[in-house]
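Peer 1: Sequence below, structure please.
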Amino acid sequence: MFRQALRLLIAIAIIFSPCISQAHEDSRFAPFALSLPPFSLKPNELVISFNCKTNGAILRVSTPYLWKIKIENGDQGVARLTADVYVGDFAFANCELSYFNNFLIVGKIKNKQETSFSSVPFYITIELSIGTQDNFDNPKILKFTTSQLILKPVKPEFSIDE
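Peer 2: Numbering: from 1, shown residues only. Reported below is the predicted structural model:
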């Protein structure tokens, strides 16, 4: 029983170790730290979810406490991230919007000839869902596109805090 568990653990480590290192130092991507431009909320408003869509890759995200994060990389050349707050008390108020400074590392594909998506320019779309302290059911959407975002090149051996 112990040997089977050990073999399974070793097999999992072997299978996933290239994927883990590739996600952090993949030479096929030029990594960028992504920040939102300055914005503010009304006193009773909260960021209750956010989404990211890009035709590059999502390489790293700073995960907020008590938020659910889902990342899908590469489906038809598009990467998507969705993040939703689990507990309303951990939604972002005005004083916590600094979270959106360097909160994502995205990867722009370097050699588009290797993909079938070479005719599409690099783009990123971020959408924030803004609810109120009393109502999370009908949020308003605040949308940011590539030209509005702050993208800062980072070294391939990047850190989210750079």
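Peer 1: With adjacent residues omitted, what lies nearest to residue 144?
Peer 2: Leaving out its chain neighbours, the residue that sits closest to residue 144 by CB to CB, 6 or more residues apart in numbering is residue 126, at 4.4 Å. (Glycine included, C-beta is placed from N, CA and C.)
Peer 1: Now do whichever strand or helix holds that neighbour: which elements does it pack against?
Peer 2: If you go by DSSP states H and E, residue 126 is part of strand 124-132. The contact analysis (3 or more CB pairs under 8 Å, 6 or more residues apart in numbering; DSSP states H and E) places strand 124-132 against strand 45-54, strand 140-145.
Peer 1: Format those strands as JSON lines; extra columns: distance to residue 61.
Peer 2: Formatted as JSON lines, those follow (distance: least, CB to CB, whole Å):
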{"stretch": "strand 45-54", "distance to residue 61": "8"}
{"stretch": "strand 140-145", "distance to residue 61": "16"}
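Peer 1: Please list all residues in contact with residue 36.
Peer 2: By CB atoms under 8 Å, 6 or more residues apart in numbering, the residues touching residue 36 are 100-101, 103, 126, 144, 149-150.
Peer 1: From those, list just the buried residues.
Peer 2: With burial judged by 16 or more other CB atoms under 10 Å, the buried subset of the contacts of residue 36 is 100, 103, 126, 144, 149.
Peer 1: Closest to residue 51 out of these?
Peer 2: residue 126 (7.1 Å; CB to CB).
Peer 1: Please tell me how far that closest one sits from residue 151.
Peer 2: Look at residue 126 and residue 151: by CB to CB, to the nearest Å, they are 12 Å apart.
Peer 1: Brilliant, that's me finished.
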